[in-house]
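Student: The sequence and its predicted three-dimensional model are supplied below.
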Amino acid sequence: MAVFDINSKVALVTGGLSGIGLTYAQELLKNGAKGVTLVDLNEKASDKVVKELEEEFGKNKVIFVKADVRDIEEFEDAFKRTVATFGNVDILINNAGIFDESDEGWRKTVQVNMIGVLNGILLGLEKYLCDHKSGEEGLIVNTSSIAGLEPYPYSPIYVATKFAIHGATISFGHPVHYERQHVRVVAVCPGVTTSPLTSTYRYGEYKKAYLNRPRQTLADLAPELVRVIQRAPTGTAWVLDSEPAYQFVLPDRDSIPKIYL
Ligand SMILES: NC(=O)c1ccc[n+]([C@@H]2O[C@H](COP(=O)([O-])OP(=O)(O)OC[C@H]3O[C@@H](n4cnc5c(N)ncnc54)[C@H](O)[C@@H]3O)[C@@H](O)[C@H]2O)c1
């Protein structure tokens, strides 16, 4: 299997100032990325994060662009600034996501976790990665979750958004699109990972069950994120949960045993 070389590549990471997004940025730079754009809303944290990355990996490798992934014009501006700064763009990590099931917040969860990801895929696949990649192949990594694999009855909205990522990934990641644009589209499904992700549960008792689940650290997750970037074939999804990444395979419809009512 061909291994995608991260060295000298340019990446745009949404939700890049915190948690899993920041871990992606660090791992990309460790593996020789030429530049990383951190796209996030949290302007306050940006100076500190950029400074720390510059101290570790050197100057002129990281920029911050304030953008809300729900807004396609702001998101597009982040792609434009990436190309203007680094000369090209090869990788989009569609990572920004929220977990808010409250009456006030659940629509925002749908907008960030689904519209935000679809905005990124459309910009990446149709406009920027296809035309501004430095090598033969671009890459989009979409972020699902173990909550995109099985029912979590106490957070059904979040689950709905994370299941949606699979449909988008297998369809945009289909060879039809790969042959057209030479951009791999893959998904990751992390397990419960210690991070600042805000969790507002629709049904409060879930919190206890969630907190009692075994959780991995960002350091556990980091090497598996890199393996997915380097090796995952287009249209595939990978479970990253305290062990080596393994593929989540959606059943082929023709192979499903037919159970009639
Ligand atoms: N932490 C976990 O246990 C876990 C497990 C599975 C999947 N995930 C998914 O991984 C992704 C990252 O989660 P995390 O735990 O690192 O969360 P986090 O809260 O630590 O980081 C998310 C980042 O996204 C940014 N963000 C939020 N809304 C945004 C928007 N509209 N536009 C741009 N940026 C925005 C936030 O400011 C924050 O910096 C999410 O998609 C989450 O659903 C997390």
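Tutor: Great, that's in hand.

Student: Please count neighbours and contacts with C-alpha atoms only from this point.
Tutor: Fine.

Student: backbone phi and psi for the closest residue to residue 98 other than its chain neighbours, please?
Tutor: Take residue 98 and drop its neighbours on the chain: the residue closest to it by CA to CA, 6 or more residues apart in numbering is residue 109, 5.7 Å away. Backbone torsions of residue 109, given as degrees, to the nearest 10, read phi -60, psi -40.

Student: which parts of stretch 159-171 are buried?
Tutor: Buried positions in stretch 159-171, judged by neighbour count with 16 or more other CA atoms under 10 Å: 159, 160, 161, 162, 163, 164, 165, 166, 168, 169, 170.

Student: how about CSV for the residues you listed, with secondary structure and pLDDT added?
Tutor: Output for the buried residues of stretch 159-171, formatted as CSV (DSSP: H, G, I helix; E, B strand; the rest coil; pLDDT from 0 to 100):
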residue, secondary structure, pLDDT
159, helix, 96
160, helix, 98
161, helix, 98
162, helix, 98
163, helix, 98
164, helix, 98
165, helix, 98
166, helix, 98
168, helix, 98
169, helix, 98
170, helix, 98
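
Student: with these in mind, which one is nearest to the ligand?
Tutor: residue 162 (7.6 Å; CA to the nearest ligand atom).

Student: Am I right that that closest one is in contact with residue 151?
Tutor: No. Between residue 162 and residue 151 there is no contact under CA atoms under 8 Å: 10.9 Å.

Student: In three-state terms, label the nearest residue to residue 34 once chain neighbours are set aside for me.
Tutor: Excluding the flanking residues, the one nearest residue 34 by CA to CA, 6+ apart is residue 8, at 4.4 Å. Here residue 8 is recorded as coil under DSSP: H, G, I helix; E, B strand; the rest coil.

Student: What is the neighbour count of residue 8?
Tutor: 16 (other CA atoms under 10 Å).

Student: Now it, what are its backbone angles?
Tutor: Per degrees, to the nearest 10, the backbone of residue 8 is at phi 70, psi 10.

Student: what's near enough to touch it?
Tutor: By CA atoms under 8 Å, 6 or more residues apart in numbering, the contact set of residue 8 is 32, 33, 34, 35.

Student: Go ahead and build a ChimeraX selection from the buried members of those.
Tutor: To isolate in ChimeraX the members of those that are buried, counting by 16+ other CA under 10 Å, one can use:
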select :33,34,35
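
Student: just checking, which of the contacts of residue 8 belong to strands?
Tutor: residue 35 (DSSP state E).

Student: Any chance of the contacts of residue 8 in CSV with pLDDT as columns?
Tutor: Formatted as CSV, these follow (pLDDT from 0 to 100):
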residue, pLDDT
32, 98
33, 98
34, 98
35, 98
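
Student: Relative to the ligand, which of the contacts of residue 8 is nearest.
Tutor: Distances from the ligand to these, taken by CA to the nearest ligand atom, are shortest for residue 35, at 18.7 Å.

Student: just the residues of this structure that are near the ligand, which are they?
Tutor: Taking CA under 6 Å from any ligand atom as the criterion, the chain approaches the ligand at residues 14-21, 40-42, 67-70, 95-98, 112, 143-145, 189-198.

Student: Looking at those residues, which are in strands?
Tutor: 14, 40, 143, 189, 190.

Student: how deep is residue 188 tucked in, by neighbour count?
Tutor: Residues near residue 188, counting by other CA under 10 Å: 30.

Student: Residue 125 touches residue 180, doesn't it?
Tutor: No. Using CA under 8 Å as the test, residue 125 is too far from residue 180 to be in contact (9.6 Å).

Student: higher neighbour count, those two?
Tutor: Neighbours were counted for residue 125 and for residue 180 using other CA under 10 Å; residue 125 has more, 25 against 11.

Student: I'd guess the more buried one is in a strand, am I close?
Tutor: No. Read with three-state DSSP, residue 125 is helix and lies in no strand.

Student: so where do the strands sit in the stretch 151-261 of the chain?
Tutor: 183-190, 199-200, 237-240, 246-248 (DSSP state E, counting those that start in this stretch).

Student: Thank you, goodbye.
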